[in-house]
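*Asks:* predicted model and sequence below, questions to follow.
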Amino acid sequence: MGGKMTHAEYVRRIEGLLCELGMPYVVMDEAKKAIFADASIKSFDLLVYMEHGPNMLAVVLPRSRGVPTAEQREALREWETVFGRDFVGVFVHATAEPVAWRRGACCNEVVPLRSLLADGWGACPAEQRRAVSA
């Protein structure tokens, strides 16, 4: 494949992994984004239903992109508020082996997306250390 990938191609790359793992998901395509047309919040790309733990509101970032912008982080926090505590926002880097920014109250970490989808959320490393030392 020559040239630069489009955002839709990055999203399809993540969709391929979701299909491979048998994860139920919804793509927030233009038709679904129209439902939220009156919202002033930048949309997310995928809604992933997790077997264990909160569901995922995923924003797919190109592999060349570094950290999410402040505007993107704030928009995802707002979507978490809209959807409620059963949904967590995650930024996914669509690299050859995709990784996810897992943001928690106690940590910010980058984890392999495949592991997060297969194994669930688990505790933040800092929470695990606190539990062991208590």
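*Replies:* Received the coordinates, thanks.
*Asks:* you'd agree residue 58 is in a strand?
*Replies:* Yes - the assignment for residue 58 is a strand, going by DSSP: H, G, I helix; E, B strand; the rest coil.
*Asks:* in stretch 94-102, what counts as buried?
*Replies:* 94, 98, 99, 100, 101, 102 (16 or more other CB atoms under 10 Å). All C-beta spots, glycine's among them, are computed from the backbone N, C-alpha and C.
*Asks:* turn these into JSON lines, columns for distance to residue 79.
*Replies:* Listed next are those as JSON lines, based on distance: CB to CB, whole Å:
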{"residue": "94", "distance to residue 79": "19"}
{"residue": "98", "distance to residue 79": "20"}
{"residue": "99", "distance to residue 79": "20"}
{"residue": "100", "distance to residue 79": "16"}
{"residue": "101", "distance to residue 79": "15"}
{"residue": "102", "distance to residue 79": "16"}
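*Asks:* so which of the residues you listed sits lowest on pLDDT?
*Replies:* Within the set of the buried residues of stretch 94-102, pLDDT is lowest for residue 102 (60).
*Asks:* next, the closest residue to residue 21 other than its chain neighbours: secondary structure please.
*Replies:* Using CB to CB, 6 or more residues apart in numbering and skipping residues adjacent in sequence, the residue nearest residue 21 is residue 117, 5.3 Å away. Under the three-state scheme (three-state DSSP), residue 117 adopts helix.
*Asks:* surely residue 117 meets residue 22?
*Replies:* No - here residue 117 does not reach residue 22: they are 9.6 Å apart, not a contact under CB atoms under 8 Å.
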